[in-house]
Each structure stands twice: as C-alpha cells, then as structure tokens.
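1. Sequence isn't available, so here's the structure alone:
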C-alpha cells in the first residue's frame, strides 16, 4: 500500500500540472485553471504566485471579454526568462534554437550540410558554436534537447545507428554535454519521434491519439503515436519505417538493404530521378519542386515517381496502424505537396476501405521546426515535472527555496 | 472531483480483481492474494466466500508445501460450473469450444472448410450446430466470444471486410446472436488480435508488452501489442499486416492489390508453389510440410520460398515495431518450423541491428487454440469486470443477491 502524499508533494505536483497547462495551452484564466485542475481558486492563487515568483509564468489582465464584473486574471508562460536549447542533427542540416516556455522560438540558426558522412567531433563542434550563437545565458538554460536522424538509446544518448550520417554506436549525448561545459543536461531523441510529439502538442495533430509522422531528409524517419503514446517498442527504437522494404529489387539503401522506403522516396531518390546530381540536400528538393511547378517534365516525373513509392509506404502503414492522420514533415512536406495525387491514389488503391476511409493526410504545421520544437519539449520535461526543484538545480538565484511549504518569491 | 467509492463499489471491484487473479494465474493461496491485492486476510476470506457461493471459484488444501503449520487454503477457478462459448471463423476452418474459468477448454469441435466464399447464413447455421454440440447448458453460459478472420467493428460485431471469405459489411454479430436464441451476449473480434491477447495471457508471450502475433490461414492476420496494449488504431482495425505489400509485382490478393504479405506467404501461395492444387486449407499445408520432411524437393523449395517472403514481412515489422517477440500462429506455426532458416536469415539481413539483436521468434504455445482462447477471453470480460452482476444477468439461480453488502451463499 502507498502512503498518502504529503502536502508538500501535493503542492509540487500541482505546480507541475499548472505549469504544463500553461506551457501547452498558452494563456488561460485562473478560473479555467481551477476548473481543469479540480482545485479551488485560492489554491490556484497560491500556486500561480509561486510560479510567478520563480519566473516561470506571468499574470495579466485578459483582453476585452464582453462580460460585466472583474475579469479573472490570465496566466501565461513567461517565455523570456528561462529557456531550453534545442538542437537538430539531420543528415542534410544542423539547426539550433533557443526556445522559451510555451514553445516560443526566441532565436534560431540553421546550416545546410551535404556529403555521405559526418565526423562526430566536427558535428559536435558545429553544434556548440551554433548553441553559443543562439544562447549566451547558461544561467537561465534549463537543459538541452537534441533531435537526431537515427536510432538513439535515449537513456544515455548513444547513437546506435545513423545510416545517412555514417555513425554506429557513437556516445553522442555524453560528448556533446562535455563540449557544452558539462553543466547542462543533454537529452537526445529520434528526430521523427520528437516531430510527432511536437505535431501532437502544438501542430496539425493537436490532441490526436493515433498518428503517423513521416520526417524526410536524406532518410525517412517515422514517429508513430498509438493510443496517445509514442511507439517505442522493447528498446525504444520503434518507428523505423524508412527501412520498410517497399521494392525488393530497388535502390541500395545506406542501411545495407535494397528498396527501403527511404531509398525509394528519400532525397537521394528524388535527386537521381530528376537527374540533378549537381545539387544536394534540401536545396535540391526545393529546386526540383520549383522546376516542376514551372513545367519541367523531368522534375515533375521525378516527383510523381517518388510520390508513388511514398504512397505505397503510406498505404502499408495505414493498413498496419489504422491512424487518424498521416503527417508529412521535413522535406516530405514539399514532396507531398507536389505529388499529393500520387500518394493519395496509392492509398486509395492499396489501403483497405475501413482504414482508408477516415485517415487524413496532412503536411506538418510546424514545418522546418517540428523536430526542433520536439527537442525543446525533451529539454522542458524536467521543469514540467518538478518546476522548483529544476530551478534549484539550475542554480538560478531567483528560484525560491524548495524547503518550506511555500516558496518565498523574489521575482 | 469524483466522490469516493461506496463500500459496495469497493467490494464489487475487489471481487473482480480477485477473480481476475485466479482466472489468469490459476491456483493461488489466500496469503498471496492478500499480498497482491493489498488488503487484509479477513477481506480475502469474505471475498472468496462470495465467489465460492456464486460458483466461480473453489477452495482446497494445497499440495505438500514442506512448511510447518497450517497451510493457507488455495483458491482455484471453478472451471466446471460456468463457461463461455468460444467460436472461431477462419477462412479454412470453423471451430467451437466450451471454455471454463481459468481458460480451460472443456469441449471442442472443428470443421475444415475450403472454397473462395462462405455464405454468412450457412456459416451461422454451422456455428450454431457446433455450439449446440459443445454446450447444451445455456443457463450456465456467461456469453459468446467469436474470433473472425477479417476486419470487425467491435462495437456491434459487423464484419467490415473478410477478403478470404468474401464478406463486406455483414451484420454477423447480430445475426449470430439471433440464431443462438437472442439471450446470449455475442462479442466478435479480429482473430489475430484475440490470438495475440491469448498468447500474452496464457501462451508463449506471457507478460510481454511489445509483441507481434501473426496468424496464418488463407490470409495472414496481425495482432500487435504495443506497450502492453493491443494496437487498435482510430477505428479498431489496426494490425492488418497481411495487406502490407512486400512484392509490388507479386501475386494477386483477395483484397484487390498485388504482392500483399498474405498473397506471398499465405496458404494459397504455398499450395501454388508446391503444385498441390489437389489439396486445400490446413490439410494442404500439413501435407506439404510432411512431404518436405520426407525429402520432396518441390515441397521444400515451396516452403523456402514462402518462408523467404514471410521473413521479409517480419523484417519490416521488426524495424517498424521493435518488438520483443514475434509469434507465429495458425498454419504459420508449421510454415515457420519448416522454414525458420529462411525467416531468420531475412530478419538478420534486413532488420536493423538495434532492433533485431533482441527480438525472439517463436511459435504459438496455444497452437490451434490461440484464437479460440482469445475469443473465450472476450466473452469472459464481463464476468471479470463485475462477477455478481453478470451472474444476476445470466439469471442463474445459484447467484447470490446483489442488493446486500454480502451475497448469501447457496452453493
């Protein structure tokens, strides 16, 4: 039998719940918070005061409500004070952002990359430089979240396999943390998993419980939400839909097989089909899509061919998962917009009626930021679980004491 | 805010929890039950007395324990008194069983079938006859569970699509219930989903949280457990892995596509490859497996070919789901045993290392009964949720009153 939680535990839990409401839902009135959390208004008042004092939320008068009487104050995330660092390692780009509470991107840099392999030390040096560019305020940094284009052991940030970047069993999380100074907590996750979470929390799939997010760069990653939970599998490596073989006699894949979905519908397949070996990465995809829009037949045919394979993969996934939505992110966003007819036609032909009749195909609402926003959520997880303890750890002087039943504000 | 449960609600919940422990775990001592349920021994005594009186469990002295002192009585499911009716509609067989609490198969009949289509009325008549053969005691029947080889809307038992039996939107559950007399509750589920649950609860996958169960008859169905829950998807139709296309230029499938996993690795593919059009259904698979064992080269090559496609499908699924186990059931049990090298070789070639290194490939422990046992669990669900209310509904005279805080035993 578990002992009942102490008043201090209950307060900590309530602080976390309130902060999550505000972080995910944005501005919300005290009255609504009291209703949603099932506590009385005086409790909300006390909790909000603690979080205001800690610098995590702020209160303000709402806009015109049209109602008589004194309006309930609105609680908002305080996005400017504390932040997390979000990093994205794609095979074709690196990106870094400073992200405030509420998922606000405060600053952002991106570098295109190409080539078969990346040296881990070189990538880590570049990430550290980009991190310094977006954030020079380590005292207010709550942590670092990294989206990586491959299979990651989340417990320690080891990259088990990044086929399109040439990494096998690289202790990436630990080396990056050391390079960043050793004081910041670094969490690493699969980029497509993080993109899926971001789309569910802030994007086109808001609140959906059965979702497939496909993230394209050189490879194709999958973030799959089943019954409201991310599909992890036994070891946390679930969702590798890019290595579902759709064409047994197809193109060679970086994983060693032939005809994987990413070999047939990823960037390299599109570039080869369009005969644009002069270009690489996202710039190549953009150029091919633009050429097709201007009437270039080769570019258009290349997009249709890639769209057809993409549609075959999506039809398989729709039959396997019966999702309510499939979201195309990364460069697949542009590919899908240019070849939606091919994708939809394959799903109509090969999807079973009971599953295809209700699935919606959509592009990412967060576009190029889905994986970054997801990486930020990874870094926000700690403060959203125990706000004051996290601030104490981060060591910010404005954090209230966590010893007493109520923190003393000094904000 | 929810009101605290009343003593009567708590008692009902505890009765259900105790019955589930005994139904799933078999004989267990009162002491262990008290520990597992976190209640004291006098509560266990009272709960057990109620369930004994209701005819759902029995108590007996345990075998030799080797310990001094008075042994704790052992509580067992009472399998002989109440039962459920489990039915299985495969494309190549019909089966019916009377199943007692604890998952004990008390009686069982099976009929092989072949041919492209089944008339629903004919199938229902055959099922009713088989049901009468295994159980003539409707007064002690708690309900009917049916495993069906296709896509089922579980809310009302409508078969949306049964490609290998030729059914589209057949109100199967309602018609079967009417035929059985209208008094018995009939629940219908997908056969592979039910097989997966059965293997998790009583079979080779006991307690596993990430599992793929492949059920072969004419088609190949999938029951997929993700994080301890069956993958349902938005509409409950998830798991149609038989219609994952593994060979774009492959054999025609009953669903209308080409090269689906079930078209390449199902019964018909094996029969065609072995040139045994003289046979059909399970008998054909058994004959081909036997011929291969006796050295028939054509039969052996056919099994290897089918095993190779099966392995390709499994490799895709392993990459997508990172399961801890893949279980082969139905006729795939025999196919896997005869072509394990081909299946394993494909998984080794095409599975990504981090996911293939820990997955176990196994055959169903419940063999031909997995789907029946799963169907029985569907029918047991009600009594395992509210035992006394269910008995009151079933109208058995030995059920204690549900009005008072304690039933009056009359067993």
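-> Perfect, I can see it now. In this text the structure is predicted, and so the values were computed from the model without any measurement.
2. what about the nearest residue to residue A:174 once chain neighbours are set aside, how many neighbours?
-> Computed as C-beta to C-beta, 6 or more residues apart in numbering or on different chains, the closest residue to residue A:174 that is not its neighbour in sequence is residue A:157, at 6.3 Å. Quick note: C-beta positions are derived from backbone N, CA and C, even for glycine. As a burial measure, residue A:157 scores 21 neighbours (other C-beta atoms under 10 Å in any protein chain shown).
3. if I look at residue A:157, how far off is chain B?
-> Using C-beta to the nearest C-beta, to the nearest Å, one obtains 14 Å as the distance from residue A:157 to chain B.
4. what do you get for residue A:313?
-> From residue A:313 over to chain B (counting by C-beta to the nearest C-beta), the distance is 9 Å.
5. helix/strand/coil for that residue?
-> What DSSP: H, G, I helix; E, B strand; the rest coil gives for residue A:313 is helix.
6. need the contact list for it.
-> Contacts for residue A:313 were tallied using C-beta atoms under 8 Å, 6 or more residues apart in numbering or on different chains; they are A:220, A:241, A:244, A:246, A:261, A:264, A:265.
7. thought the second one was touching residue A:266?
-> The one in question is residue A:241. No: in this structure residue A:241 lies outside contact range of residue A:266 using C-beta atoms under 8 Å: 11.7 Å.
8. quick one: common contacting residues for those two?
-> Listed as contacting both residue A:241 and residue A:266 by C-beta under 8 Å, 6+ apart are residue A:220.
9. can you pull up the bridge partners for the closest residue to residue A:51 other than its chain neighbours?
-> Of all residues beyond its chain neighbours, the one nearest residue A:51 is residue A:57 (4.4 Å), with distances taken as C-beta to C-beta, 6+ apart. Following DSSP bridges, residue A:57 is listed with bridge partners residue A:77.
10. list the contacts for residue A:57?
-> If a contact means C-beta under 8 Å, 6+ apart, then residue A:57 has A:18, A:19, A:22, A:48, A:51, A:75, A:76, A:77, A:78, A:101 as its contacts.
11. and the fifth one, how far is that from residue B:393?
-> What it means is residue A:51. Separation of residue A:51 from residue B:393 (C-beta to C-beta, to the nearest Å): 51 Å.
12. The two: who's more crowded?
-> residue A:51 (25 against 16).
13. close enough to count as contact, the more buried one and residue A:17?
-> No: checked against C-beta under 8 Å, the pair residue A:51 and residue A:17 is beyond contact range at 11.2 Å.
14. so who does residue A:187 touch?
-> Residue A:187 makes contacts with A:143, A:144, A:145, A:146, A:154, A:157, A:173, A:378, A:379, A:381, as judged by C-beta under 8 Å, 6+ apart.
15. quick one: terminal-to-terminal distance for stretch A:169-186?
-> With C-alpha to C-alpha, to the nearest Å as the measure, stretch A:169-186 spans 17 Å from end to end.
16. contacts for it?
-> In this structure, residues lying in contact with stretch A:169-186 by C-beta under 8 Å, 6+ apart are A:85, A:120-121, A:124-125, A:127-128, A:131, A:138, A:141, A:143-146, A:148, A:152, A:156-162, A:187-188, A:379, A:382.
17. Report the buried residues of that stretch.
-> A:170, A:172, A:173, A:175, A:176, A:177, A:180, A:184, A:185, A:186 (16 or more other C-beta atoms under 10 Å in any protein chain shown).
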